[in-house]
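Asks: I would like to see how this sequence folds:
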Amino acid sequence: MTLVELARAGRAPTLPLSIDLANGESLELHSLLRVLPGQRYVGRAIWRGRAVLAKLLVGSKAARHFQREVQGARLLAEQGLNTPKLLAEGQHDGGGWLLFDYLDGAQSLAAAWAEQGVGDELNEPRQALLASALGVIGQLHGRGLWQADLHLDNLLQRDGQLFLIDGGGVHGQVPGQPLSQDKVLENLGVLFAQLPPMGEEPLEEVLIHYLLANSAHGLPLEALLKEVAKVRRWRLRDYLKKIGRDCSLFSAKIGAFGLRVVLRDREAELQPLLAAPEAFIASGHRFKGGGAATVARVELNGQPLLVKRYNIKNVAHWCKRFWRPSRAWHSWREGHRLSLLGIATPQPLAVLERRWCWLRGPALLITEYLPGHDIIARFQPYLDLSSGREGPPEAELQALDGLFAALLRERISHGDLKGYNVFWDNGRWSLIDLDAMRQHHSDRSFARAYERDRARFLRNWPADSRLFKLLDQRLPQVPGTCPERG
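Replies: Now for the predicted structure:
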């Protein structure tokens, strides 16, 4: 297959695949690690009898992308940074290729991070990973280079060594001389914006490892936090644009007579459910039926999933709903918002809307199923704290503190914070039923909404109970919105 033909091969070409290079040479592509259809195919290949990492650039932008990749790879190598060796590169037939040493057995720091715990906990193994990453990034900046899309997936570890990859995002200010302070803060802002939020003290501790590798400039914490906040806002806006279009993360089919968006890496698995959701609901375990919504736990390939169908009750109800985004779409969007912000919620897997000439009808949301207990059931044994009974486990109370602190930090209101919508899952409290969730731009509107959320949450328990008083003492307040504690 030529590079021109590869550009038309779509998202999942049949492998293995023989790719013609220049001068009669070829390589055999065995697996794909990343695909941008019609632009870029990255995977493991065999070339001249050895395993290589092949970057194949095709389409109208191939020449420009090729130059960026070559320039970045050479900058890393020329500055003596640890990076896979560029074995061969070239352009032919409207495309380009770069072949690198294949680091067999290497693991990205992002994958290693995910293996070291659940959620956002910055435990000791994760601190060690971040320390090693910052040491390498300090070396990168000390040589006058930066990586535009700096994240843990662009650092590979193997046999105790770290390797910088993805030269296409590498740029030089004055190669060989330390990067300017402004550029350092900007680039570190990109890194930390993609990690779970951390307080000032943990941030200062991990930055020591950066300064040990590059002490050319101080790192004013306030300025760095501003950069992190700016990048977080941009990333959230960018991600929420992707959840409604066909891209590498989502498979989307949107038209006048229906909408279907599904996580791309779960699409094949979910196909039977997507094709016949009503049959699965009918045979599943219903938690709620009729009225405005039907909720059921269904089984797919032995795995439980939750399906929530948002019903249209009558013509009057349809007239109120057809012109607005469906509640399924709202929950889909807010679920992805929470996930990106590091606030636990069941992963949204797919959303479907029935339409007639763009007018919306019933809609469905498919998410992961949480098998745990809601907070009312979990805290029930501690409702009566008389006779010396201890309160809820401190780990669960601290997790609750963290949940409310995150809602405050991100200015998010749930809108219906009854206890049945807060589930214990893998050491974290997870939010469900996001129909009314909102991220506020105004401090004033958030303060009012947060006060309502906090009051609704506390109403899950009698006001004269010790559990109520304990939670009231612990849960953070927005100044001026709650009665002063005695």
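
Asks: all strands for the stretch 51-200 of the chain, in order.
Replies: 86-92, 95-101, 107-108, 145-147, 155-158, 161-164, 170-172 (DSSP state E, counting those that start in this stretch).

Asks: just say which of those is most tucked in.
Replies: strand 145-147 (a mean of 24; mean count of other CB atoms under 10 Å). All C-beta atoms are positioned from the backbone trio N, CA, C, and that covers glycine.

Asks: that one packs against which elements?
Replies: Applying 3 or more CB pairs under 8 Å, 6 or more residues apart in numbering; DSSP states H and E, one finds that strand 145-147 makes contact with strand 170-172, helix 181-193.

Asks: re the thing from before, out of the strands of the stretch 51-200 of the chain, which gets nearest to residue 373?
Replies: The closest of these to residue 373 is strand 107-108. By CB to CB, the value is 34.7 Å.

Asks: once you drop chain neighbours, what's closest to residue 246?
Replies: Distances taken as CB to CB, 6 or more residues apart in numbering place residue 252 nearest to residue 246, at 4.3 Å, with adjacent residues excluded.

Asks: is that neighbour bridged to anything, and to what?
Replies: Listed by DSSP bridges, the beta-bridge partners for residue 252 are residue 261.

Asks: one step back: looking at the strands of the stretch 51-200 of the chain, which is closest to residue 34?
Replies: Short answer: strand 107-108, nearest of these by CB to CB, at 11.9 Å.

Asks: and the contacts of that closest one?
Replies: For strand 107-108, the external contacting residues (CB atoms under 8 Å, 6 or more residues apart in numbering) are 152, 153, 154, 155, 156, 157, 158.

Asks: hmm, try it at 7 Å
Replies: The contact list for strand 107-108 (CB atoms under 7 Å, 6 or more residues apart in numbering) reads 152, 153, 155, 156, 157.

Asks: any idea which helix or strand carries residue 436?
Replies: For residue 436, there is no host helix or strand (DSSP states H and E).

Asks: need the nearest residue in space to it, chain neighbours excluded.
Replies: Distance criterion CB to CB, 6+ apart; nearest residue to residue 436, sequence neighbours excluded, is residue 415 at 2.7 Å.

Asks: from the contacts of strand 107-108, pick the one nearest residue 365.
Replies: Distances from residue 365 to those, taken by CB to CB, are shortest for residue 153, at 28.8 Å.

Asks: so who does the closest one touch?
Replies: 108, 110.

Asks: cool, residue 79 as well?
Replies: 143, 145, 175, 176.

Asks: neighbour-wise, which one of the residues you listed leads?
Replies: Using other CB atoms under 10 Å as the neighbour criterion, residue 145 leads the contacts of residue 79 with 26 neighbours.

Asks: give me the nearest residue to that residue, chain neighbours excluded.
Replies: residue 172 (5.2 Å).

Asks: tell me how far the strand or helix carrying residue 29 lies from the chain's centre.
Replies: In this structure, residue 29 sits in strand 26-36 according to DSSP H and E. Between the centre of strand 26-36 and the centre of its host chain there is 25 Å, according to CA atoms, centre = their mean, to the nearest Å.

Asks: what packs against it?
Replies: Using 3 or more CB pairs under 7 Å, 6 or more residues apart in numbering; DSSP states H and E, the elements in contact with strand 26-36 are strand 17-20, strand 40-47.

Asks: what's in contact with that strand?
Replies: With CB under 7 Å, 6+ apart, strand 26-36 has contacts from 11, 15-21, 40-47, 54, 248.

Asks: try stretch 208-222
Replies: Counting by CB under 7 Å, 6+ apart, 131, 134-135, 137-139, 141-142, 178, 181, 184, 200, 203-204, 207 sit against stretch 208-222.

Asks: can you do 10 Å?
Replies: For stretch 208-222, the surrounding residues in contact (CB atoms under 10 Å, 6 or more residues apart in numbering) are 127-128, 130-144, 177-185, 188, 191, 200-201, 203-204, 207, 226.

Asks: the residue nearest to residue 326 when sequence neighbours are not counted sits in which helix or strand?
Replies: Nearest residue to residue 326, sequence neighbours excluded (CB to CB, 6+ apart): residue 363, at 3.8 Å. If you go by DSSP H and E, residue 363 is part of strand 359-368.

Asks: toward the C-terminus, what is the element adjacent to that strand?
Replies: Going down the chain from strand 359-368, the next helix or strand is helix 375-379, by DSSP H and E.

Asks: what helices or strands is that following helix leaning on?
Replies: Counting by 3 or more CB pairs under 10 Å, 6 or more residues apart in numbering; DSSP states H and E, the packing neighbours recorded for helix 375-379 are helix 394-410, strand 422-425, helix 466-474.

Asks: for the last one, the averaged confidence score.
Replies: In this case it means helix 466-474. Average pLDDT, helix 466-474: 92.

Asks: put the alpha carbons of that helix into CSV.
Replies: In CSV, the C-alpha atoms belonging to helix 466-474 read as follows (Å, rounded to 0.1, in the frame of the first residue of the first chain):
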residue,chain,number,x,y,z
ARG,A,466,-25.4,13.9,66.0
LEU,A,467,-24.6,12.8,62.5
PHE,A,468,-26.3,15.9,61.1
LYS,A,469,-24.3,18.1,63.4
LEU,A,470,-21.1,16.3,62.6
LEU,A,471,-21.6,16.8,58.9
ASP,A,472,-22.7,20.3,59.3
GLN,A,473,-19.5,21.1,61.2
ARG,A,474,-17.3,19.5,58.5
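
Asks: what about the protein, any weak spots by pLDDT?
Replies: 312-323, 358, 385-389, 479-486 (pLDDT under 70).

Asks: buried ones in the helix ranked longest in it?
Replies: Counting residues, the longest helix found in the chain (DSSP state H) is helix 221-242. Residues of helix 221-242 classed as buried by neighbour count (16 or more other CB atoms under 10 Å): 224, 225, 227, 228, 231, 232, 236.

Asks: may I see those organised as JSON lines, with distance to residue 165 added?
Replies: Formatted as JSON lines, the buried residues of helix 221-242 follow (distance: CB to CB, whole Å):
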{"residue": "224", "distance to residue 165": "25"}
{"residue": "225", "distance to residue 165": "28"}
{"residue": "227", "distance to residue 165": "24"}
{"residue": "228", "distance to residue 165": "23"}
{"residue": "231", "distance to residue 165": "21"}
{"residue": "232", "distance to residue 165": "24"}
{"residue": "236", "distance to residue 165": "26"}
